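>>> missing the sequence, but the structure's below:
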């Protein structure tokens, strides 16, 4: 009798477990993993979403499969796309999200929020603004590793070794929620079947308001970040030659002082680099001194111009306000905001050329 | 008296105390303490830890004098009838603790991994495992406690990944909050640091219990270190506005971890967390059944099954976020008054009692 009860209980429990205790399987081979999504504006309140996912073919090549759909909400687009896809679409493998400029000008935080709210999406997703339509990039079969992977590596190496400042979903949100700091995103464009980084889209609160163009990116990165690589070609007027300087170390030092009751900011940019290319014949001490001087002036000039532009648009991508608020007790945010546009911001710079390559 | 066969070595108190303190709280306590103390809330973690050290100290004083557990303390002070009634309340407290730990962990599982996970089925097997462990006796439970500290040690490395995207400036200026804010944040830490009161139950199970005193304090120190590292990392990784909206800050930090073979680290983290949660459930279930056995002189096995069934039913009936939060709120209030008012009161009462007795 006792054995009977035990067997009966085991059977009942097993049946109950198998009927109620199941969760949906997601086998990698049987789902479509979205690798990139592009959001564009449609008529009215609607948005158009284009997603791309890699399909792995038998001969080890990768093909891009593209779906397009409309909706009012960003992630809802993907749900609407489910009825076009043979296998279930999953969004956990998303690496890149691009937004058309029109959408970005109206504010992209709601779409970024959709990404952040989803537990399956990582916070290392690269975001970007597209000059034109994001759909165009999604449809343009890029690279040989699938569009999503291609875009991700493009952003990754440009942030690590080139002039693009570090930026991803987490940092975008970090800047968005930090008082006294505005956010930015890479600005890309489709040129001759290739995606090119054209600059940096600047945001005020959640709306895109301006662009830093390609030539200024080197200086922009120098102001917003420490320790970075990058190269810049400077024209040395005195000797009428061009010198290309590769940056190894760059540090910024921002100080806020009160002068006559008004806050005054000074930003010092220190750059340590090597000469990677020079159009002149020889690089003796005098010429090196000229190059250093030329670079220092260039940094001051360009950075100053950028800051003037930020002040004019009343945006603060460098985060002067954040730095001030963390270095002062009883920081008056309202007063800072009111005076920011005509605040005095001094730029100084110092360049160290530590070597001139393997030849003299 | 407890047979020597069932006793544990003094140094194991470290693992028991620490395990029972580290639970689901670590996954999301940052937001709660940052509510009142903002970027200074790491100080509140230290303050709370100091309070715990003090409370643990007076608990040990009390236990050494009485040479028993909470039932003996209660009976000594209040007599048998009222004393046993109060011990019953403590049992209820332990049972609620079990329900909360289990249910909160389940909620994390549902939100982050399997939204369709059946609560009844999972709780059934989880509690089944806990009952099986406890049936092996207290020494087995302590073994599980040991593993729950040692095995997830690799999770420490995960704290290094967010540093790349962190801004240490977030912590400045230090001491920017009033003492009242600090006190509030310290109070909010209560729910996270609760758990060391289990010493009131398992004290008679330690060989040479006086020797375990310093180990118990080491246990609290380890817990503090865990909370401090997770707290500070979250404060520098998120901006204040961002942290406010992040329910499980520790898990959200894991979203930035990128490894070649692991796309999403939080799944590993959540799965490992089961090992952290299991001894919590075991300890409080064991504590509750052990006290019931001692008060009513019944077989611990039957008490254990009854409590486990009760926990299963209640945690299955709690369906949404709101109900869990209400229970959490009540529990942390009760826990706060229990620790900061009732324990010192018991201590003073015990002191007076033994003074009077000695005089007679």
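Here it is on my side, so go on. Keep in mind it's a predicted model, so treat the numbers as computed, not measured. Residues are numbered from 1 along each chain as shown, chains lettered A, B, ... in the order given.
>>> so which elements touch the worst-scoring helix or strand of chain A on mean pLDDT?
Lowest mean confidence among the helices and strands of chain A (mean pLDDT, DSSP states H and E): helix A:74-81, at a mean of 75. Under the contact criterion of 3 or more CB pairs under 8 Å, 6 or more residues apart in numbering or on different chains; DSSP states H and E, helix A:74-81 touches strand A:36-41, strand A:47-56, strand A:62-71, helix A:109-117. In short, each C-beta sits where N, CA and C put it, glycine included.
>>> adding mean pLDDT and distance to chain B, write those out as a markdown table.
A markdown table is the format used below for the helices and strands packed on helix A:74-81 (pLDDT from 0 to 100; distance: least, CB to the nearest CB, whole Å):
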| stretch | mean pLDDT | distance to chain B |
| --- | --- | --- |
| strand A:36-41 | 87 | 15 |
| strand A:47-56 | 84 | 14 |
| strand A:62-71 | 81 | 17 |
| helix A:109-117 | 81 | 9 |
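>>> any chance of the ones you listed in JSON lines with mean neighbour count and distance to residue A:182 as columns?
Output for those, formatted as JSON lines (neighbours: other CB atoms under 10 Å in any protein chain shown; distance: least, CB to CB, whole Å):
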{"stretch": "strand A:36-41", "mean neighbour count": "26", "distance to residue A:182": "21"}
{"stretch": "strand A:47-56", "mean neighbour count": "21", "distance to residue A:182": "24"}
{"stretch": "strand A:62-71", "mean neighbour count": "17", "distance to residue A:182": "29"}
{"stretch": "helix A:109-117", "mean neighbour count": "18", "distance to residue A:182": "12"}
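>>> residues in chain B within reach of chain A, list them.
When proximity is defined as CB under 8 Å from any CB of the partner chain, chain B approaches chain A at B:111-114, B:116-118, B:120-122, B:124-125, B:165, B:167, B:169-170, B:172-173, B:176, B:237-242, B:245, B:252, B:255-256, B:258, B:263-264, B:266.
>>> and those residues, which are buried?
Burial by neighbour count, judged by 16 or more other CB atoms under 10 Å in any protein chain shown, picks out B:112, B:118, B:120-122, B:124, B:165, B:167, B:169-170, B:176, B:237-239, B:242, B:252, B:255-256, B:264, B:266 from those.
>>> quick check: closest non-adjacent residue to the residue in the stretch 1-150 of chain B that chain A sits nearest to.
Nearest to chain A, among the residues of the stretch 1-150 of chain B, is residue B:121, at 3.5 Å (CB to the nearest CB). In space, and not counting its chain neighbours, residue B:121 is closest to residue A:21: 3.5 Å by CB to CB, 6 or more residues apart in numbering or on different chains.
>>> for the one you found, grab the count of nearby residues.
15 (other CB atoms under 10 Å in any protein chain shown).
>>> pretty sure the residue of the stretch 1-150 of chain B closest to chain A sits against residue A:16.
Yes - shown here, residue B:121 and residue A:16 form a contact pair, counting by CB atoms under 8 Å, at 7.2 Å.
>>> what number of residues lie near residue B:74?
26.
>>> show me what whichever helix or strand it is part of packs onto, helices and strands only.
Assigned by DSSP states H and E, residue B:74 falls within helix B:70-78. Other elements packing on helix B:70-78 under the criterion 3+ CB pairs under 8 Å, 6+ apart are helix B:41-66, helix B:80-112, helix B:199-202, helix B:266-296, helix B:343-359.
>>> check those for me and report the most buried one.
Mean neighbours per residue, mean count of other CB atoms under 10 Å in any protein chain shown, is largest over those for helix B:199-202, with a mean of 24.
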